[in-house]
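*Asks:* Predicted model and sequence below, questions to follow.
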Amino acid sequence: MEGSGKLIVFSAPSGAGKTTLVRHLLKQDELNLAFSISAASRSPRAGETEGIDYYFLGIEGFKKRIKANDFLEFEEVYKDQFYGTLKAEVERLWALGKNVIFDIDVVGGLRLKKKFPEQTLAIFVKPPSINELQIRLKNRKTESAEKIAMRVAKASTEMATAPQFDVIIKNDDLKRAKAEAIEVVKKFIQD
């Protein structure tokens, strides 16, 4: 698989603010970014739309796509909860002449960087603290206390991967984090 576009990967523990930063970057027309819609084995949450938020494949559908070698990367993030990047999605966006931006887990982000080392900018979004992360996840009101506890437990492991990324953006001040994200992405695209 080859393309001429750049890949900009945002990874972080849940609640660190990567989605907020990615949405902000997508509004910057001069960056020529298009969002890579990930595939998921889970069902849609309230307010999520097929083909906009995720491609919802179901567990069996996801496993079939793995066997068919349809993914650039995928991960079983939690038991029977798979997420991944379809090759066809990136090819579709490159065909439009776009640079592709990702909002994916740390394992997937590092896999893309390894697969496309020269074309990829891997950015880790660091929360101010694990305690702040927990507060943000609770304030979302989208998941059970059990799911939040799982995400917080996983966050320490994810935080340990930060040095493997090209850039770390600490999201303790959203305005500053947004400006920093624009600056590093613009520089990468222009190089």
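*Replies:* Arrived safely.
*Asks:* hey, let's count contacts and neighbours off CA atoms from now on
*Replies:* Noted.
*Asks:* tell me which helix or strand of the chain sits lowest on mean pLDDT?
*Replies:* Within the chain, no helix or strand scores below helix 130-140, which has a mean of 76 by mean pLDDT, DSSP states H and E.
*Asks:* Outside of whichever helix or strand comes after that helix itself, list whatever touches it.
*Replies:* Sequence-wise, the next helix or strand downstream of helix 130-140 (DSSP states H and E) is helix 145-159. With C-alpha atoms under 8 Å, 6 or more residues apart in numbering as the test, helix 145-159 has contacts from 12-14, 106, 126, 130, 133-134, 137-138.
*Asks:* Same list, those, but as a markdown table with distance to residue 26 please.
*Replies:* Output for these, formatted as a markdown table (distance: C-alpha to C-alpha, whole Å):
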| residue | distance to residue 26 |
| --- | --- |
| 12 | 18 |
| 13 | 21 |
| 14 | 20 |
| 106 | 20 |
| 126 | 20 |
| 130 | 27 |
| 133 | 24 |
| 134 | 27 |
| 137 | 23 |
| 138 | 26 |
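*Asks:* ranking those by neighbours, who comes first?
*Replies:* Neighbour count (other C-alpha atoms under 10 Å) singles out residue 12 as the most crowded of the contacts of helix 145-159, with 27 neighbours.
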